[in-house]
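*Asks:* Coordinates for the following, if possible.
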Amino acid sequence: MALINDTTLRDGEQAPYVAFNTAEKLRIATLLDACGADELEIGIAAMGARERDDIKELLGLGLGARMMTWNRMKMEDLEASLSCGVRAVDLSIPISDLLIGVKFGGSKLKVLRELERVVSAATKEGLFVCIGGEDSSRGDIGFIRDVMELSSECGASRFRYCDTVGIMTPTQTYNTIKSLCDYDLLPIEMHTHNDFGLANANALSGIDAGAVSMNTTVIGLGERAGNASFEQIVMTLKHLYGEARTIDPIKIRDLVATVADAANMRLSPNAPIVGEHLFAHESGIHADGMMKDSHAYEPYEAEEVGSVREFPIGKHSGSATIRYHLGRMGISAESGVLRDLLPKIREIVTARKRVLETYELKSLYQEAVCL
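*Replies:* Predicted structure coming up:
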């Protein structure tokens with residue numbers, strides 16, 4: 001089974017204009033654990049005393065998910081994390097020439113020396129160490145191999161392949177991760193960004209190629225266009241990859257609402273998994289099919305994610321929808337009247353840009369019958 005390492009409390013909170021308070025962090029972590037996250041990245045200890053206090057409180061929850069902190073490849077960052085009592089860390093180091101130039105004056109030798117020093121110290125403390133390969137997708141695969149080889153020698157447990165600016169395609173991702181896995185040096189974790197809307201696809205392509213883990217954030221929260229979406233990935237793993245994952249419909253809904261509220265973000269009504277209009281069927285053909293078989297135009301049941309199915313009365317509604325709503329009001333609709341009503345309903349809805357309420361439909365039908 002693929003591991004989900006959720007970083008809502010780190011990379012998610014790094015989204016501009018977002019800041020979680022302690023209570024929100026504790027709630028989010030608890031719900032993520034309940035919804036099946038295997039690991040949680042819970043903050044950056046080097047940010048200061050308040051952040052370290054939050055990390056300690058999160059560790060104190062005693063959740064089943066492994067908790068780790070994010071760190072630069074610096075001794076002071078590692079020491080800040082150790083002071084919190086964490087047993088797992090991500091140690092981030094630049095991979096691309098661009099970022100090595102910005103952070104290490106262009107010297108790959110300096111990068112490798114710092115990696116050896118800090119990773120050796122972390123593993124001596126008995127920590128689970130993930131090497132965060134920042135901007136891997138713009139880096140040289142030969143240098144990535146050097147980093148993985150040295151990291152393995154120093155006792156690291158995993159390498160995080162970061163598509164930091166979201167430039168990979170699924171095919172490129174598959175081929176690159178397959179090559180890295182073939183080196184058989186360290187297990188690979190996928191960290192993908194959504195700048196071109198490919199974060200989910202790239203994360204899953206990495207898994208297809210042999211990666212063992214992927215980073216997610218709830219509602220895809222994160223820098224710029226965000227990261228791979230927790231709720232979309234967990235449902236994909238269950239339904240399309242056949243993994244045995246139990247999804248609590250109340251808790252997944254609560255988790256999404258909690259993060260959206262804490263981030264002060266509004267969800268799109270057609271957002272995958274959690275959009276409020278996701279299980280609404282207006283098209284006459286679709287609505288008729290769904291009334292006959294609930295699998296006709298849905299890949300999973302609405303109830304699985306705490307939603308309900310709806311048949312709005314709109315421009316594209318057909319006679320099956322009108323008959324359905326009238327029947328629920330105890331009215332046995334006449335077919336001829338329904339045919340006459342549909343054009344009128346379409347005119348009303350188009351003019352006002354809003355579907356009919358059932359009481360309005362009842363009134364229209366009664367008027368038509370009386371004519």
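*Asks:* and the closest residue to residue 180 other than its chain neighbours, how many neighbours does it have?
*Replies:* In this structure, residue 180 finds its nearest non-sequential neighbour in residue 188, 5.8 Å apart by C-beta to C-beta, 6 or more residues apart in numbering. For the C-beta atoms, the positions are set from N, CA and C on the backbone; glycine is no exception. Counted with other C-beta atoms under 10 Å, residues neighbouring residue 188 total 26.
*Asks:* does residue 190 sit in a helix, a strand or a coil?
*Replies:* strand (DSSP: H, G, I helix; E, B strand; the rest coil).
*Asks:* Test my guess that it contacts residue 202.
*Replies:* Yes. Counting by C-beta atoms under 8 Å, residue 190 touches residue 202, with 7.0 Å between them.
*Asks:* Return every residue with contacts to both of those two.
*Replies:* Here residue 190 and residue 202 share the contacting residues 163, 173, 228, scored by C-beta atoms under 8 Å, 6 or more residues apart in numbering.
*Asks:* Tell me the one among those residues nearest to residue 252.
*Replies:* Distance to residue 252 across the shared contacts of residue 190 and residue 202 (C-beta to C-beta) is lowest for residue 228, with 16.0 Å.
*Asks:* who touches stretch 195-203?
*Replies:* Residues contacting stretch 195-203 (C-beta under 8 Å, 6+ apart): 163, 165-170, 173, 190, 192-194, 214-216, 220, 224-229, 232-233, 236.
*Asks:* returning to that earlier point: out of the shared contacts of residue 190 and residue 202, which is most surrounded?
*Replies:* Using other C-beta under 10 Å as the neighbour criterion, residue 228 leads those with 29 neighbours.
*Asks:* okay but that residue is in contact with residue 213, surely?
*Replies:* No. Between residue 228 and residue 213 there is no contact under C-beta under 8 Å: 11.5 Å.
*Asks:* Now do the shared contacts for these two.
*Replies:* Shared contacts of residue 228 and residue 213, defined by C-beta under 8 Å, 6+ apart, are found at residue 190.
*Asks:* show me what contacts residue 90?
*Replies:* Neighbouring residues of residue 90 by C-beta under 8 Å, 6+ apart: 41, 68, 69, 70, 71, 130, 131, 132, 160.
*Asks:* tell me which residues form a beta bridge with it?
*Replies:* Beta-bridge pairing for residue 90 (DSSP bridges): residue 70, residue 130.
*Asks:* circling back: now, which of the shared contacts of residue 190 and residue 202 lie within helices?
*Replies:* residue 173 (DSSP state H).
*Asks:* Include distance to residue 13 and pLDDT when you put the shared contacts of residue 190 and residue 202 into a markdown table, please.
*Replies:* Listed next are the shared contacts of residue 190 and residue 202 as a markdown table, based on distance: C-beta to C-beta, whole Å; pLDDT from 0 to 100:
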| residue | distance to residue 13 | pLDDT |
| --- | --- | --- |
| 163 | 20 | 98 |
| 173 | 26 | 98 |
| 228 | 16 | 98 |
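*Asks:* can you tell me which of the shared contacts of residue 190 and residue 202 lies nearest to residue 101?
*Replies:* Comparing the shared contacts of residue 190 and residue 202 against residue 101 with C-beta to C-beta places residue 163 closest, at 19.3 Å.
*Asks:* from memory residue 289 sits against residue 297, does it?
*Replies:* Yes. Between residue 289 and residue 297 there is a contact under C-beta under 8 Å: 5.7 Å.
*Asks:* hang on, residue 236 packs against residue 214?
*Replies:* No. Using C-beta under 8 Å, residue 236 is not in contact with residue 214, being 10.6 Å away.
*Asks:* the more surrounded of these two?
*Replies:* When neighbours are counted by other C-beta under 10 Å, residue 236 and residue 214 differ, and residue 214 comes out ahead with 28 against 21.
*Asks:* and the gap between the more buried one and residue 80?
*Replies:* 26 Å (C-beta to C-beta, to the nearest Å).
*Asks:* swap in residue 271?
*Replies:* From residue 271 over to residue 80 the distance is 36 Å, taken as C-beta to C-beta.
*Asks:* who's more crowded, the two?
*Replies:* Neighbours were tallied for residue 271 and for residue 80 using other C-beta under 10 Å; the higher tally belongs to residue 80 (22 against 19).
*Asks:* if I've got this straight, the more buried one is in a helix?
*Replies:* Yes. Counting by three-state DSSP, residue 80 falls inside a helix.
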